[in-house]
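Asker: next one to model:
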Amino acid sequence: MATSIFFSSLLALCFTIAVIATDPSSLQDFCIANSSSPVILNGLACKDPKLAEADDFSFSGLNIAGNTSNAVGSRVTPVTVTQLPGLNTLGISMARVDFALGGVNPPHLHPRASEILAVLRGHLEVGFVTSNPENRLITKILQKGDVFVFPVGLIHFQRNVGQRNAVALAALSSQNPGVITIANALFGSNPAISSDILTKAFQTDSKTVNDIQSKF
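Answerer: Numbering: from 1, shown residues only. Predicted coordinates for the structure are as follows:
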């Protein structure tokens, strides 16, 4: 009997935590982000709704190609709550991704959002890796009009495998999805992760680790 009560209580506690951890539904029509507010909370404070303007809900520039003249040959143009204050509390955002020939959007993850990506031009190799211990690579070649989804928190990537520049449009399930680029995080952290740790993690030598760190 005591065991039954214990597990019932544990189940109730887990359910309560799950409910609390879920983002609450909006209690108003909108909450335009007030980036100048001194209030610190999980999200952004609201601008007085009486001061709302059409520009609070509008962003211009996704028709402009991003500059892909960089080491990876890609450029992400985000439209999150930072660029579009009207997204605050709505749980959505988007981005344009431009790829030069052979360009790569390097392995990265979004800690707070799933992503759905549509190819507008060109051919992209896309993929994600499942969690430990399987670490299964799920990958596909996409062409114009194809759509692919990346589950929240999983490492994923895109690469231009076509004969021309490529463009994709992504939608994400958070106003602030966040992004962690794996190489930058591991080899370009500030302060740097000890080379001894990275040497063991990647089963390589310290010179190789130091050489890679020097590039970030």
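Asker: which stretches in the protein count as strands?
Answerer: With DSSP state E as the criterion, the chain has strands at 74-79, 93-99, 104-109, 115-121, 124-129, 137-142, 147-150, 156-160, 166-172, 180-181.
Asker: got the contact list for residue 127?
Answerer: 137, 138, 139, 140, 156, 157 (CB atoms under 8 Å, 6 or more residues apart in numbering). C-beta coordinates here come from the backbone N, C-alpha and C atoms, glycine included.
Asker: what is the burial count for the third one?
Answerer: Other residues near residue 139 come to 14 when the count uses other CB atoms under 10 Å.
Asker: separation between the nearest residue to it once chain neighbours are set aside and residue 164?
Answerer: The shortest distance from residue 139 to any non-neighbouring residue, by CB to CB, 6 or more residues apart in numbering, is to residue 127 (3.2 Å). As judged by CB to CB, to the nearest Å, residue 127 and residue 164 stand 21 Å apart.
Asker: next: residue 106.
Answerer: 21 Å.
Asker: repeat that for residue 69.
Answerer: 16 Å.
Asker: counting neighbours, go ahead and name the busier of those two.
Answerer: When neighbours are counted by other CB under 10 Å, residue 164 comes out ahead of the other of residue 69 and residue 164, with 12 against 8.
Asker: I'd say the more buried one and residue 101 touch.
Answerer: Yes. Contact criterion CB atoms under 8 Å: residue 164 and residue 101 qualify, at 7.2 Å.
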